[in-house]
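> how would this look folded up:
(chains A and B)
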There are 2 protein chains.
Amino acid sequence: LAERELIEFIRALRAGQDLPWLEVGIGDDAAVARLPGGDRAVLTTDMVAEGTHFEPGTPPEAVGWKAVARSVSDLAAMAARPRCVLAAVCMKPGTDAEFARRLCRALWDASVKLSAPLVGGDISSGPGLVVTVTALGLAGSSGPITRSGAQAGDAICVTGALGGSMRGRHLTFPPRVAEAVELAERCHVHAMIDISDGLSTDLLHIAQESKVGVALDAARIPVHEDARALAGGDAEKALEHALNDGEDYELLFCLSKKDAEVAVQSGVLGVPVTLIGEVGASPTYNIILPDGTRHALRSGGWEHLKT
Amino acid sequence: LAERELIEFIRALRAGQDLPWLEVGIGDDAAVARLPGGDRAVLTTDMVAEGTHFEPGTPPEAVGWKAVARSVSDLAAMAARPRCVLAAVCMKPGTDAEFARRLCRALWDASVKLSAPLVGGDISSGPGLVVTVTALGLAGSSGPITRSGAQAGDAICVTGALGGSMRGRHLTFPPRVAEAVELAERCHVHAMIDISDGLSTDLLHIAQESKVGVALDAARIPVHEDARALAGGDAEKALEHALNDGEDYELLFCLSKKDAEVAVQSGVLGVPVTLIGEVGASPTYNIILPDGTRHALRSGGWEHLKT
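Model prediction:
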């Protein structure tokens, strides 16, 4: 399933349609709709499916958390403030009632913890366990921040550390909501995304939407201890995990070097911020490896890995 | 899966939470959230799953229409004006690319036709075909209309004709959006629901949420020709189809007898309106059969059918 291709297909269908109230449409982390009263609704929908986003046998508490946190993380990527979520739960016929109740409780608990209380939903039987969460947020005065505003000369920064989330963090991560709002208030963030597909892929999303180039400094990438654990002693393998695993749900953002300096020095709400590269004017995508060699950055890796 | 039980379970969890901005929460056709700028967002999420809401082999055009129309019908039930939808599409790995493109186009086309353009979504592989559509609407000055406002002495009315939708209408129905808005502007509608579970069940939803009784006059129920076709020449079987099949997506609503008279006389935007019963003060649920006998109305039938 080429999600990207289908998104472009729908975008092309939309091309003829004039929607003056739609500030941000298909292809960003969330849509932004201006409402008649002046509110700007930030909307995103995201699913977790058994076998794809979690293994069979995963406790319903983890499934519920991940389902809500993923959608709320998309609000964070826009620096929006969460308001509420809705959840649609599809379960196999004959699903244990206690499992269903635990999942519902988990969805409720996660939604309250993430300041986006569950206000509606749908429960039905179907081919397997699929939980779809839609989040409504409100764009702050300094937002929404899209993927398309990166400027040549910007620094590329990331929160936290990356890689190896399949060791467990992909089910327990805290979406960087408060951090995103704080960042947007403190600095002029030009573009932002949450890392779900992986640093390499998501940085290219920013680059392509912003029509700019990027140069990633591999030696600066904050490698998570989970990535190191997976890689044994192999530093290059650990780097690959940090670059390509995805499901980190950290913030990847571009801002002026001056603003970046401040963010890196102070971090944001206790979360470290690291400068990992630079935006360029020409649309080339590069990564400088720790040995100083320059390679073409690709979605899911770099050039010499694929030859 | 006892959806109703799980909804009550979540409602009980919510009981402790003070959400002053939430005008309507879990348990109605849609949630209503007041936003800081004064807009009232009407939100609903609904899924269609293969094997439950449509048979394997159903053309993607029909799946896409039903997915969008069901959610928009929930907005209609609140007399809200549609603004936009989001769609999450879960497909089996290896799903034909042409099928996926046709489904995406169907979602887009349906959304535009129903004045709720698709502004975002999620596409992923999973255990089977499940399409979840979330709709955002805006409460009009005369809305939102909930399930809980029916008053003793009200007339019970319904648009269109009921029963037999499994013959095909469940995939092609037009949600009664414009009709609902028009009704709400013209009359003082006290309570409304769209018929998805079936007239008997959905009328009991209104009765229970409004804490009133109902008396349904079976002879007046508009029986769809599809119901008659399924029943052969059996009038009681046809009535049972009209009463219990569901997936009619017609509007079922309560309003003063005076207002009902006007609605019945003129219909709404070309759709007939029929008076089918009366709201009572004591919480008893009755149906008067065409032979004049009175029976207890149950979800999915009436009493003597079950003995």
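> Tell me where the stretch 151-300 of chain A has strands.
A:155-159, A:189-194, A:213-217, A:251-255, A:273-280, A:285-288, A:294-298 (DSSP state E, counting those that start in this stretch).
> now those in JSON lines, with mean pLDDT and distance to B:Pro59?
Just so you know, the C-beta spots here come from the backbone N, C-alpha and C atoms, and that holds for glycine as well. Compiled in JSON lines, the strands of the stretch 151-300 of chain A are given as follows (pLDDT from 0 to 100; distance: least, CB to CB, whole Å):
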{"stretch": "strand A:155-159", "mean pLDDT": "98", "distance to B:Pro59": "44"}
{"stretch": "strand A:189-194", "mean pLDDT": "98", "distance to B:Pro59": "36"}
{"stretch": "strand A:213-217", "mean pLDDT": "98", "distance to B:Pro59": "43"}
{"stretch": "strand A:251-255", "mean pLDDT": "98", "distance to B:Pro59": "40"}
{"stretch": "strand A:273-280", "mean pLDDT": "98", "distance to B:Pro59": "45"}
{"stretch": "strand A:285-288", "mean pLDDT": "96", "distance to B:Pro59": "40"}
{"stretch": "strand A:294-298", "mean pLDDT": "94", "distance to B:Pro59": "37"}
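> ok, and which of those strands has the densest surroundings?
strand A:251-255 (a mean of 28; mean count of other CB atoms under 10 Å in any protein chain shown).
> Apart from its chain neighbours, what residue comes closest to A:Gly121?
Spatially, and ignoring its direct neighbours in sequence, A:Gly121 is nearest to A:Ala87 (4.3 Å; CB to CB, 6 or more residues apart in numbering or on different chains).
> now do A:Arg34
Taking CB to CB, 6+ apart as the measure, A:Arg34 lies nearest to A:Trp21, with 4.6 Å between them; neighbours along the chain are not counted.
> neighbours around the one you found, how many?
Burial measure for A:Trp21: 14 neighbouring residues, criterion other CB atoms under 10 Å in any protein chain shown.
> helices and strands around the helix or strand that contains the residue nearest to A:Gly121, which ones?
Following DSSP states H and E, one finds A:Ala87 within strand A:80-91. For strand A:80-91, the helices and strands in contact under the criterion 3 or more CB pairs under 8 Å, 6 or more residues apart in numbering or on different chains; DSSP states H and E are helix A:60-77, helix A:97-113, strand A:118-125, strand A:130-139, helix A:177-186, strand B:31-34, strand B:40-49, strand B:130-139.
> quick check: mean pLDDT across it?
Here the mean pLDDT over strand A:80-91 is 97, rounded to a whole number.
> relative to helix A:60-77, how tilted is it?
Angle between the axes of strand A:80-91 and helix A:60-77 is 150 degrees (criterion: axes from the mean of the first three to the mean of the last three CA atoms, to 10 degrees).
> can you pull the contacts of A:Val262?
For A:Val262, the set of contacting residues under the criterion of CB atoms under 8 Å, 6 or more residues apart in numbering or on different chains consists of A:Arg186, A:Cys187.
> Quick one: residues contacting A:Ile26.
For A:Ile26, counting by CB under 8 Å, 6+ apart, the contacting residues are A:Ile7, A:Ile10, A:Arg11, A:Arg14, B:Leu118, B:Val119, B:Gly120, B:Gly121.
> Find the helix or strand that the closest residue to A:Ser125 other than its chain neighbours is a member of.
Spatial nearest neighbour of A:Ser125, chain neighbours left out: A:Pro93 (4.5 Å); criterion: CB to CB, 6+ apart. Secondary-structure element containing A:Pro93, defined by DSSP H and E: none, the residue being outside all helices and strands.
> how about the helices in the stretch 201-307 of chain A?
In order along the chain, the stretch 201-307 of chain A carries the following helices (DSSP state H, counting those that start in this stretch): A:225-231, A:235-244, A:257-266, A:303-306.
> Please report how far the residue nearest to A:Ser125 lies from A:Phe54.
Taking CB to CB, to the nearest Å as the measure, A:Pro93 falls 20 Å from A:Phe54.
> Settle it for me: which of those two has more neighbours?
More crowded of A:Pro93 and A:Phe54, by other CB under 10 Å: A:Phe54, with 19 against 10.
> ok, the nearest residue to A:Leu203 once chain neighbours are set aside to chain B distance?
When the adjacent residues along the chain are set aside, A:Leu203 lies closest to A:Val214, with 5.7 Å between them (CB to CB, 6+ apart). Separation of A:Val214 from chain B (CB to the nearest CB, to the nearest Å) stands at 25 Å.
> Show the contacting residues for A:Val214.
A:Val214 makes contacts with A:Ile156, A:Leu203, A:Leu204, A:Ile206, A:Ala207, A:Gly277, A:Glu278, A:Val279, A:Gly280, A:Tyr285, A:Asn286, A:Leu297, as judged by CB under 8 Å, 6+ apart.
> Quick check, the first one in contact with A:Ile276.
Put plainly, it is A:Ile156. Yes. Under the contact definition of CB atoms under 8 Å, A:Ile156 touches A:Ile276, with a separation of 5.5 Å.
> Which residues are in contact with each of these two?
Counting by CB under 8 Å, 6+ apart, the contacts common to A:Ile156 and A:Ile276 are A:Leu216.
> ok, A:Arg40 touching A:Arg34?
Yes. Counting by CB under 8 Å, A:Arg40 sits close enough to A:Arg34 to count as a contact (5.5 Å).
> more crowded one of these two?
For A:Arg40 versus A:Arg34, neighbours defined as other CB under 10 Å are more numerous around A:Arg40 (21 against 18).
> With adjacent residues omitted, what lies nearest to that one?
Across the structure, with CB to CB, 6+ apart as the measure, the residue nearest A:Arg40 apart from its sequence neighbours is A:Ala139 (3.9 Å).
> Relative to A:Gly38, how far out is the one you found?
Between A:Ala139 and A:Gly38 the distance is 11 Å, computed by CB to CB.
> same thing with A:Pro290?
50 Å.
> Near chain B, which residues of the stretch 101-250 of chain A are found?
Contact residues (CB under 8 Å from any CB of the partner chain) of the stretch 101-250 of chain A with chain B: A:101, A:104-105, A:107-108, A:112, A:117-130, A:132, A:134, A:136, A:138.
> Filter those residues down to the buried ones, ChimeraX style.
Remark: buried members of these, expressed as a ChimeraX selection using 16 or more other CB atoms under 10 Å in any protein chain shown:
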select /A:104,105,107,108,112,117,118,119,120,121,122,123,124,125,126,127,128,129,130,132,134,136,138
